[in-house]
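**Q** give me coordinates for this.
(chains A and B)
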Amino acid sequence: MNNMRFDEIAVDALEAHVKNVLTKEEITRLIETPKHAEHGDIAFPCFQLAKTYRKSPQQIAKELSEVCEHPFIEKFEANGPYLNAFLKRKLISKQLIEKVTQLSDHYGSAIDGIGARVVIDFSSPNIAKPFSMGHLRSTVIGNSLALLAEKNGCEPVKINHLGDWGTQFGKLIAAYKHWGNEAEVKENPIPTLLKLYVKFHKESEENPQLSIEGRGWFKKLEGGDLEAESLWKWFKDESLKEFEKVYQMLGISFDKVQGESFYNDKMEEVVKELSEKGLLHESEGARVVNLGEDQPPCLIEKTDGTTLYATRDLAAAIYRYKTYDFQQCLYVVGGEQQLHFEQIFQVLGMMGYDWNKKMTHVPFGLILKDGKKMSTRKGKVVLLEEVLQNAIDKAKDNMMEKNPELKNLEDVAKQVGVGAVIFHDLKNERLGSVEFDLEQMLKFEGDTGPYVQYTNARCQTILTKAERKGHMDKVSGLEDPYSWEVVKLLERFPTEVKRAFDLYEPSVIAKYLLKLSQAVNTYYGNVKILQGDAGEKDNKLALLKSVTIVLQEGLRLLGIKAPKKM
RNA sequence: GCGCCCUUAGCUCAGCAGGAUAGAGCAACAGUUUCCUAAACUGUAGGUCAGAGGUUCGAAUCCUCUAGGGCGCGCCA
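**A** Predicted coordinates for the structure are as follows:
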């Protein structure tokens, strides 16, 4: 009977009285959370029962309200066609606070975790290009999914599948041979390489010969040409240094950095296998796998014998399955590549690999600029590093003004600034496209990361002031309406953690944290924590302690720090 | 042309295993600091849920169509 979820309590109370008509599952499905406090804590609509009972739903609600009872429920009330239940606030809050403070940061963790291995392919920036806003999404969503996987009892494997192979690098080498100079690249690697890349695309519009040249260089690169390889390696090393700066700012690390080039020596085998299985066909000089009547084929080898994205992804998938024996493999890649992944999964299936069902493309919406996709080729990029620095500077300005005597001000400014950017990216539904808006991203008020961090910091201050941490033996529960809203939200945390991972949606957590923060701030604004008699104070402090546990843990799952002071 | 996605308040978005009066934030306006951090709180104002049908006791939510926007669709990734 301990620690039941609210819906379980309701099912428990109702089951005996509607047993012949509805199953447990059906009751669970019907149960809902009322939107308005006057409708209680749990609601059960009686419309469906009306048919079988041949009574009005109002009548049924009334009758049920008279017979239902449950040790956790204060009262049942019929309100029109609804049966509303009011929980025993004191009892529930007592139990919940005890549970959260006992479990601490394990609250919400899956206890029946099976340790399933989940490979997550995310971030994957392209070398020789700036780490743009576009990659931010994959990076923060993927990182959060890894954290959520772990929280849900799985074992994540975080892979950074760098875009470090392909025709584009042949083109870059060609561009460098034409217009580049060593000193300039050394001085300012990424912007210089980007400039070369952009110039190449502009020039090749008038001079198609250039593209052919670029493809030639890629063929050399894939063939092991020393000059091509050393240039490529140089570009890659410079890029990795730049990326590392960004990952450090974001506080994100990987288990493996295995770019596309890692599969260079594994592709021949894949092509061979495809051929042996009779899947490879000649088409217009290239080699493809045909997929279906009205579907475009999957291109495996170009006319000149070099490989493509799809080839490398097939090799990567097979390698990963062999290496990790994963239960799930997630690709956190923009929605514009949906067709590509459909093709990859389909080809794997045709090769006889039924584990292709364990692979999922987790797409997300684009970051748009003026309603259009941002394009690297045209040089329209916004640098992530600059955005992060902007945010950090702004956080610092704020703190100089509000809390200048704060120690480690630099660190906290970083946590808040970066937190704002990450939260802004994660708070909206994954799939929606977002218009790039620096001003929005640097907002620290309202529905933002700093708002959540601030809520936590205020609670922390009170706890420090009260010098009460830990022993909550004297907790007896709370029943005022403000704390009740907080308690109800705290109770939901484990459910949200599960839902967020099931849906691959970090925004579920972000939205939850906003709701919790709002409820806490309302509480804080209306109730004086450090006033009242000792017992009352203990209860309020214990609640705040629970709040900080959940806020910190929730932020952590998004990859955001929770400073104690700000 | 085909496929996928999107359209809710002036702006950014919640709500969508159908349910009781469609919610936040920003912006606007009006308040709150002898009081635990005003990065906060309280209140006012703001909506034919793109449009039309359908299923249902009940639709922002499910189905169909229309309009508008976005993204893909053989040698880029």
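**Q** contacts, neighbours, all on C-alpha from now
**A** Fine.
**Q** so the residue nearest to residue A:144 when sequence neighbours are not counted versus residue A:477, what's the distance?
**A** Of all residues not flanking residue A:144 in the chain, residue A:558 sits nearest, at 4.9 Å (CA to CA, 6 or more residues apart in numbering). The gap separating residue A:558 from residue A:477 is 30 Å, by CA to CA, to the nearest Å.
**Q** repeat that for residue A:419.
**A** On the measure of CA to CA, residue A:419 and residue A:477 end up 33 Å apart.
**Q** tell me which element residue A:331 is part of?
**A** If you go by DSSP states H and E, residue A:331 is part of strand A:328-332.
**Q** for RNA strand B, tell me whether that strand is touching it.
**A** No: applying CA under 7 Å from any atom of the strand, one finds strand A:328-332 out of contact with RNA strand B, separated by at least 12.9 Å.
**Q** beyond that strand, next helix or strand please.
**A** As assigned by DSSP H and E, the chain's next helix or strand after strand A:328-332 is helix A:338-350.
**Q** could you list the buried residues of that next one?
**A** Of all the residues in helix A:338-350, those buried under the rule 16 or more other CA atoms under 10 Å are A:340, A:341, A:343, A:344, A:345, A:346, A:347, A:348, A:350.
**Q** that older thread, relative to helix A:338-350, how tilted is the strand holding residue A:331?
**A** On the basis of axes from the mean of the first three to the mean of the last three CA atoms, to 10 degrees, strand A:328-332 is oriented at 160 degrees to helix A:338-350.
**Q** now strand A:328-332 - C-alpha only, PDB.
**A** Output of strand A:328-332 as PDB, limited to C-alpha atoms (Å, rounded to 0.1, in the frame of the first residue of the first chain):
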ATOM      1  CA  GLN A 328      18.400   0.000 -29.100                       C
ATOM      2  CA  CYS A 329      20.400   2.200 -31.400                       C
ATOM      3  CA  LEU A 330      19.300   5.800 -31.700                       C
ATOM      4  CA  TYR A 331      20.300   8.300 -34.400                       C
ATOM      5  CA  VAL A 332      19.800  11.800 -33.200                       C
END
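**Q** report the mean confidence score over it.
**A** For strand A:328-332, mean pLDDT is 96.
**Q** tell me what it is packed against?
**A** Packing partners of strand A:328-332 (3 or more CA pairs under 8 Å, 6 or more residues apart in numbering; DSSP states H and E): strand A:117-121, helix A:133-151, strand A:359-362.
**Q** wait, what's in contact with residue A:130?
**A** Each residue near residue A:130 by CA atoms under 8 Å, 6 or more residues apart in numbering is listed here: A:190, A:191, A:194, A:383.
**Q** run through the residues of the stretch 251-400 of chain A sitting next to RNA strand B.
**A** Residues of the stretch 251-400 of chain A lying near RNA strand B (CA under 7 Å from any atom of the strand): A:260, A:283-286, A:288, A:294, A:296-297, A:299, A:301-304, A:307-309, A:335-340, A:365-366, A:371-373, A:395, A:398-399.
**Q** quick one: the strands in the stretch 101-250 of chain A, in order.
**A** For the stretch 101-250 of chain A, the strands defined by DSSP state E, counting those that start in this stretch cover A:117-121, A:155-160.
**Q** pipe these into JSON lines and attach distance to residue A:46, mean neighbour count and mean pLDDT per row.
**A** Shown next, in JSON lines, are the strands of the stretch 101-250 of chain A (distance: least, CA to CA, whole Å; neighbours: other CA atoms under 10 Å; pLDDT from 0 to 100):
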{"stretch": "strand A:117-121", "distance to residue A:46": "42", "mean neighbour count": "24", "mean pLDDT": "96"}
{"stretch": "strand A:155-160", "distance to residue A:46": "43", "mean neighbour count": "22", "mean pLDDT": "97"}
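**Q** ok, and the closest non-adjacent residue to residue A:91?
**A** Residue A:91 sits nearest to residue A:477 (CA to CA, 6+ apart), 6.2 Å away.
**Q** the one you found against residue A:483, yeah?
**A** No: with contact defined as CA atoms under 8 Å, residue A:477 does not reach residue A:483; the gap is 9.8 Å.
**Q** what about those two, which has more around it?
**A** residue A:477 (27 against 24; other CA atoms under 10 Å).
**Q** how close does that one get to RNA strand B?
**A** Here the criterion is CA to the nearest atom of the strand, to the nearest Å. By it, residue A:477 lies 18 Å from RNA strand B.
**Q** before we move on, what about residue A:464?
**A** 9 Å.
**Q** what's around that residue, how many residues?
**A** There are 12 residues near residue A:464, going by other CA under 10 Å.
**Q** which element is it on?
**A** Residue-wise, residue A:464 maps onto helix A:449-466 under DSSP H and E.
**Q** only the buried residues of that helix, if you could.
**A** For helix A:449-466, the neighbour count (16+ other CA under 10 Å) marks A:449-460, A:462-463 as buried.
**Q** quick one: name whatever helix or strand follows that helix.
**A** Using DSSP H and E, the helix or strand that follows helix A:449-466 towards the C-terminus is helix A:481-502.
**Q** buried stuff in that next one?
**A** Neighbour counts over helix A:481-502 (16+ other CA under 10 Å) mark A:482-491, A:493-494, A:496-501 as buried.
**Q** circling back to that earlier point, any chance of the strands of the stretch 101-250 of chain A in TSV with distance to RNA strand B as columns?
**A** Formatted as TSV, the strands of the stretch 101-250 of chain A follow (distance: least, CA to the nearest atom of the strand, whole Å):
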stretch	distance to RNA strand B
strand A:117-121	13
strand A:155-160	12
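**Q** any chance of these in TSV, with distance to residue A:520 too?
**A** Written out in TSV, the entries for those read as follows (distance: least, CA to CA, whole Å):
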stretch	distance to residue A:520
strand A:117-121	34
strand A:155-160	32
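**Q** where exactly do the helices run in the stretch 301-450 of chain A?
**A** Here the stretch 301-450 of chain A has its helices, by DSSP state H, counting those that start in this stretch, at A:309-324, A:338-350, A:384-402, A:409-426, A:438-441, A:449-466.
**Q** quick one: mean pLDDT over the longest one.
**A** Averaged over helix A:384-402, pLDDT sits at 93.
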